[in-house]
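*Asks:* Coordinates for the following, if possible.
(one chain, ligands or ions: 2)
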Amino acid sequence: MKGRNELKVAVLGAGTIGGAVAEALAPHGPVVATRKRAEPNPRLEAAGVRLLGDNGEAAGWADLVVLAVKPRQVVPVLLEVGHACAGKPVVSFAAAISLEILQRSAPQARFFRAMTNTAARIGQAFTVFAPGRGMEEGDLRAAEGLFARLGDWQQVEETHLDVLTAMAGSGPAYIYTVLEALILGALRVGLPRDLALQAAAHTAIGAAHLLLESGEHPAELRDQVTTPGGVTIEGIYELEEGRVRTAFMKAVCAASAKATELAEAACLQAEECRVRSLQRVG
Ligand SMILES: NC(=O)C1=CN([C@@H]2O[C@H](COP(=O)(O)OP(=O)(O)OC[C@H]3O[C@@H](n4cnc5c(N)ncnc54)[C@H](OP(=O)(O)O)[C@@H]3O)[C@@H](O)[C@H]2O)C=CC1
Ligand SMILES: O=C(O)[C@@H]1CCC=N1
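*Replies:* Ligands and ions are numbered 1, 2, ... in the order given. Just a heads-up that it's a prediction; the model follows:
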């Protein structure tokens, strides 16, 4: 494989995540992208991304293919473009679609299964990935170069990907729920809207940085804020009455269970697609 700067990248499915990936990569090398509806996209075009109407043409042109369609579209798209991905690394960002399904749908390609989040749009995502079978020299470097454009990244065992989808992939939605609630609380007491938003967002950023940089457990850091008989403990007491920690634990468990359910449905769908394509050939 060539170094990342010379790689031609095709993003199949330039929606929320595919569009973010295409925008992040375009300043550093040639990128084409596809969508279902062939409509102009001023934002992607301004970023230097060339839009193509045909997945096969895009994949055939590229050195590295990124798959960012919805999970249900992954198998049909791979059956459509498998031949054009032959001998190439393909990075799939689809939730719940296992390396086994990816590899069975396009056996000639070499797959990475990855999960990122919407902060990829500003290069602040946390991306996790697992490589599949038969990687060639340079594949890992090329994929890591791509993930680095999106933010921090880490290689993990594939068995962790469903729960990481529920935690790091879905995570921004939980954090926004918390931030929105903090803002609403401050509005209720009368803080101006903009000040409430700035205070909530910067407090979250600072708390996350301190957690990573101090190496201390969240419980220790929380204790440092909580003055005996002070202000914070009144807020914490209300949160505990609202069983907030249980609610968040249940959220991650429920989302993780849904990822497993989607994975099972994807196996059935892959088998149906395979049978239909064999019938067409026969
Ligand atoms: N949203 C998120 O926070 C995250 C999502 N993911 C995963 O990323 C994937 C995409 O999700 P998301 O970006 O939210 O979804 P979007 O609906 O925003 O994007 C999907 C894109 O795929 C395009 N598309 C549909 N069918 C085809 C096709 N046959 N060929 C080419 N393009 C096609 C759609 O085109 P059109 O715009 O014309 O409809 C759309 O642009 C999913 O698998 C999801 O699990 C991963 C991490 C986080
Ligand atoms: O909700 C979803 O299915 C996708 C996967 C992670 C974030 N969004």
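*Asks:* near ligand 1, which residues of this structure show up?
*Replies:* Proximity of the chain to ligand 1 is assessed by Cβ under 6 Å from any ligand atom, with 12-18, 34-37, 55, 68-71, 73, 77, 93-95, 115-118, 169 identified as the residues in range. Every residue, glycine included, has its C-beta placed from N, CA and C.
*Asks:* contacting residues for Ala26?
*Replies:* When contacts are counted by Cβ atoms under 8 Å, 6 or more residues apart in numbering, Ala26 touches Ala47, Gly48, Val49.
*Asks:* Let's see if you can find the most crowded of these.
*Replies:* Each of the contacts of Ala26 was scored by neighbour count (other Cβ atoms under 10 Å); the top score is that of Val49, with 24 neighbours.
*Asks:* which residue sits closest to that one, ignoring its sequence neighbours?
*Replies:* Nearest residue to Val49, sequence neighbours excluded (Cβ to Cβ, 6 or more residues apart in numbering): Ala22, at 4.6 Å.
*Asks:* What's the local residue count around that neighbour?
*Replies:* Burial of Ala22 is recorded as 28 neighbouring residues (other Cβ under 10 Å).
*Asks:* wait, isn't it in contact with Ala47?
*Replies:* Yes: in terms of Cβ atoms under 8 Å, Ala22 counts as a neighbour of Ala47; the distance is 7.1 Å.
*Asks:* Would you mind measuring from Val90 to Ala62?
*Replies:* Relative to Ala62, Val90 is positioned 9 Å away (criterion: Cβ to Cβ, to the nearest Å).
*Asks:* So which of these two has more stuff around it?
*Replies:* For Val90 and Ala62, the more surrounded residue by other Cβ under 10 Å is Val90, and the numbers stand at 27 against 23.
*Asks:* for that one, helix, strand, or coil?
*Replies:* Taking DSSP: H, G, I helix; E, B strand; the rest coil as the rule, one finds Val90 in the strand state.
*Asks:* per-residue confidence at it?
*Replies:* Predicted confidence (pLDDT) at Val90: the value is 98.
*Asks:* Can you check the pLDDT for the residue lying farthest from the centre of the chain?
*Replies:* Distance to the chain centre peaks in the chain at Gly229, reaching 42.2 Å (criterion: Cα atoms, centre = their mean). Gly229 is assigned 98 on the pLDDT scale.
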